[in-house]
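Enquirer: kindly generate the corresponding structure for this input.
(3 chains)
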Amino acid sequence: MAKARGKVAFKEDLCKGCELCTTVCPVNIIEMDRTRINIKGYHPATVKEMDKCIGCANCATICPDVVITVEREMDK
Amino acid sequence: MAVVFQRTNGLTEKPFHYCPGCTHGVIHRLVGEVLEELGVLGDTIGVAPVGCSVLAYDYFNCDMHEAAHGRAPAVATGIKRVHPDKVVFTYQGDGDLASIGTAEIIHVAHRAEKITTIFVNNAIYGMTGGQMAPTTLIGQKATTSPYGRDAAHSGMPLRVSEMMATITGAVFVERVSVDTPANIRKTKKAIKKAFEIQLEGKGFGIVEILSTCPTNWGLTPTESLTWLQENMIPYYPLGNFRTPEEAK
Amino acid sequence: MAKILMKGNEAIGAAAIKAGCKYFFGYPITPQNELPEFMSRELHKVGGCFVQAESEVSAINMVYGAAGAGARVMTSSSSPGIALKQEGISYIAGAELPCVIVNISRGGPGLGGIQPAQSDYFQSTRGGGNGDYRLLVFAPASLQEAVDCTMEAFDLADYYRNPVMVIGDGMIGQMMEPIEFNEPVKRELPEKDWATVGTKGARKPNIINSLALDPAELEKHNIKLQAKYKEMEENEVRYEMYNMEDAEVVMVSYGTTARIVKNAIAALKEEGINVGLIRPITLWPFPHKAFEEIPATTKALLSVEMSMGQMIDDVKIASSGRWPVHFYGRSGGMIPTPDAIANKVKEILGGAR
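Expert: All right, here's what the predicted structure looks like:
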């Protein structure tokens, strides 16, 4: 079966730390970065293990602030 | 790798002013995406309401008109009658549409204006600080229902889609929710359908979108989605109430 | 063109269409009903559109939308209906959009009556709605003047990007007089490049708006509006001065009441009493400069109104304490008689001679 590989990019300065993206990731790779605060004063969402991303775009779909861009390709 | 999700040209570059986790942002994005995908951005005039989305005119990448509280459907009627070939939509919350603007929303449908209404129902007045709305649920606490909404005192919450579906001119009525990625995709489909029906000149269309207000509900954004699922969807059932085929 | 006989309400509608009005949004209320009825018959013939709204509130907001979309648009109503329209009028003034509003007024307060009255002077000239804004207000005294004012109102609305009101009463609305349609003096009108017509992807979005959350921005907007109103005060004041030479008393009266005042002036003249008339044709801007032409013979001013005394405030401001200001008025739909007005003049002058 073809396996999808994905890559997500976060425009961190737009993130308001609402955490909704972290609840819908099927591979649980999004977490709030408690070590940093962004320009708005929130801990931004971030991805630690990008190689696990399947590019499903659930995170971008539920993000209220259009923070996330998603790329995807199918492995042969 | 191919880009499968990016910011739509249907939105301006301006960051939303909404509170963290507020689903207005999701709904704005869906409307922007639909207008872009239909290729009508340059021929669209949107009408912004009064409420949290009063500044919606800054976010949609098309001509916009800011209306008085509840009057967006009347303003949209004026625009559409002048430009029948343009796409006209209103974006309204539940205080705006289901309370002060009930006459306007009923009669825009009654006249079968070829207009699309995006109705964001979060069961509360957000902008003014969390007062009770006609859509506030029984037992739900708001700043003007501090002991929880009481049916004997304030009546039962108003089901707008069910009411609109009784009006012949409202040819498309659907209630959707933005609580999960799957429901968000369904919401986008409903919005697209509503605009397509306007483009086909079939009549008035309204999409009621169950939405959250974490700030005034006093919940986290995640808890808010759960609250919506457990409390709003049972009282405000999702689904299509009217399609053009039925409306014939 | 030969003069034609028309009913006032219909003449105003015909004048609007001649002036290029394409859209009308209204709601039934007596005594202006013939105007929306006329528009419903005629507008579609010129490629325009009439919509009967669900309320006056909606009608004025439809006007707001249509004006923002770049159209020549009008609404009409009568006193309590105009009260309902104040929300939209304030927004239209705030967003700087052109439109024409006709008030065929009636007695108040509240539901009042349907007979002629001038008790909407405050409502017309003192804002009516919220905020620091002004309307250009025409108060014609004849159907010909109503036609002329209506036709010019559309140009003025476009020129200043401001709502213009034409106010009459049931007499203006219901009576028939011979009229002709004369083109107003041509004005250079600015392009409506601000209108919501779709960006066509060729420009940034146009936004019609009256919201300014930044206090400094809102104050700046108000200062800009005031500069516009000042320009109107300088250029758009209209009034008639009648029988002013050696006048012992100068009456101030507008609209249909001014016609009755003229009869009183004729009757007084026969008795050897010389009385003048300042007839404001624009209620706002009020013709303050007319008061500079009052002759030295004048001992007092008399404001004659179909109200309990509203315009008298402006007469007092214009008189600046130079003359005592008296009042005669009837209200509720009662119309002053020439005799009663003449008697008031005699009373001011110290009784019959």
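Enquirer: any idea which element the closest residue to chain C within chain A lies in?
Expert: As assessed by C-beta to the nearest C-beta, chain C sits closest to A:Val66 within chain A, at 17.8 Å. For the C-beta atoms, the positions are set from N, CA and C on the backbone; glycine is no exception. Assigned by DSSP states H and E, A:Val66 belongs to no helix or strand.
Enquirer: can you mark which positions in the helix ranked longest in chain B are buried?
Expert: The longest helix of chain B (DSSP state H) is helix B:181-199. For helix B:181-199, the neighbour count (16 or more other C-beta atoms under 10 Å in any protein chain shown) marks B:181, B:183-184, B:186-188, B:190-198 as buried.
Enquirer: looking at those, spot the one nearest C:Lys192.
Expert: Using C-beta to C-beta, B:Gln198 comes nearest to C:Lys192 of the buried residues of helix B:181-199, at 24.7 Å.
Enquirer: ok, which of the buried residues of helix B:181-199 also contact chain A?
Expert: B:Pro181, B:Ile184 (C-beta under 8 Å from any C-beta of the partner chain).
Enquirer: tell me which of the buried residues of helix B:181-199 is nearest to chain A?
Expert: Using C-beta to the nearest C-beta, the buried residues of helix B:181-199 come closest to chain A at B:Pro181, 4.2 Å.
Enquirer: give me the pLDDT for that closest one.
Expert: pLDDT, B:Pro181: 98.
Enquirer: and it, how close does it get to C:Met251?
Expert: 76 Å (C-beta to C-beta, to the nearest Å).
Enquirer: near chain B, which residues of the stretch 101-250 of chain C show up?
Expert: Residues of the stretch 101-250 of chain C lying close to chain B (C-beta under 8 Å from any C-beta) are C:196-202, C:205-211.
Enquirer: B:Leu225: what secondary structure?
Expert: Counting by DSSP: H, G, I helix; E, B strand; the rest coil, the backbone at B:Leu225 sits in helix.
Enquirer: list the contacts for the closest residue to C:Glu293 other than its chain neighbours?
Expert: Spatially, and ignoring its direct neighbours in sequence, C:Glu293 is nearest to C:Met241 (6.4 Å; C-beta to C-beta, 6 or more residues apart in numbering or on different chains). By C-beta atoms under 8 Å, 6 or more residues apart in numbering or on different chains, the residues touching C:Met241 are C:Gly276, C:Leu277, C:Ile278, C:Arg279, C:Ala290, C:Glu293.
Enquirer: same question for B:Ala133.
Expert: B:Asp94, B:Gly95, B:Ala98, B:Ser99, B:Ala123, B:Ile124, B:Tyr125, B:Ala142.
Enquirer: looking at those residues, spot the one nearest chain C.
Expert: B:Ser99 (14.1 Å).
Enquirer: measure the closest one to B:Gln140 for me?
Expert: In terms of C-beta to C-beta, B:Ser99 sits 15 Å off from B:Gln140.
Enquirer: paired strands for the helix or strand harbouring C:Met165, with orientation please.
Expert: Element membership for C:Met165, per DSSP H and E: strand C:163-169. Paired strands of strand C:163-169, with direction, are strand C:99-105 (parallel), strand C:136-138 (parallel) (DSSP bridges).
Enquirer: for the residue nearest to C:Glu293, give the beta-bridge partners.
Expert: C:Ile278.
Enquirer: could you pick out the residues of chain B near chain C for me?
Expert: Close to chain C, as judged by C-beta under 8 Å from any C-beta, chain B has residues B:12, B:41-45, B:47, B:54-55, B:57-58, B:60-68, B:71, B:74-83, B:86, B:103-104, B:106-107, B:110-111.
Enquirer: list the ones among those that fall in helices.
Expert: Short answer: the residues of chain B next to chain C in helices (DSSP H) are B:74-82, B:103-104, B:106-107, B:110.
Enquirer: from those residues, list the buried ones, please.
Expert: B:74-82, B:103-104, B:106-107.
Enquirer: quick check: which element contains the closest residue to C:Asn130 other than its chain neighbours?
Expert: Closest residue to C:Asn130 in three dimensions, ignoring its sequence neighbours and counting by C-beta to C-beta, 6+ apart: C:Ser90, at 5.3 Å. Secondary structure from DSSP H and E places C:Ser90 in helix C:79-94.
Enquirer: neighbours around C:Thr256, how many?
Expert: 23 (other C-beta atoms under 10 Å in any protein chain shown).
Enquirer: which SS class is it?
Expert: Applying three-state DSSP: C:Thr256 is helix.
Enquirer: quick revisit: how about the contacts of B:Ala133 in JSON lines, adding distance to C:Tyr27?
Expert: Below are the contacts of B:Ala133 laid out as JSON lines (distance: C-beta to C-beta, whole Å):
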{"residue": "B:Asp94", "distance to C:Tyr27": "26"}
{"residue": "B:Gly95", "distance to C:Tyr27": "25"}
{"residue": "B:Ala98", "distance to C:Tyr27": "23"}
{"residue": "B:Ser99", "distance to C:Tyr27": "21"}
{"residue": "B:Ala123", "distance to C:Tyr27": "33"}
{"residue": "B:Ile124", "distance to C:Tyr27": "32"}
{"residue": "B:Tyr125", "distance to C:Tyr27": "28"}
{"residue": "B:Ala142", "distance to C:Tyr27": "34"}
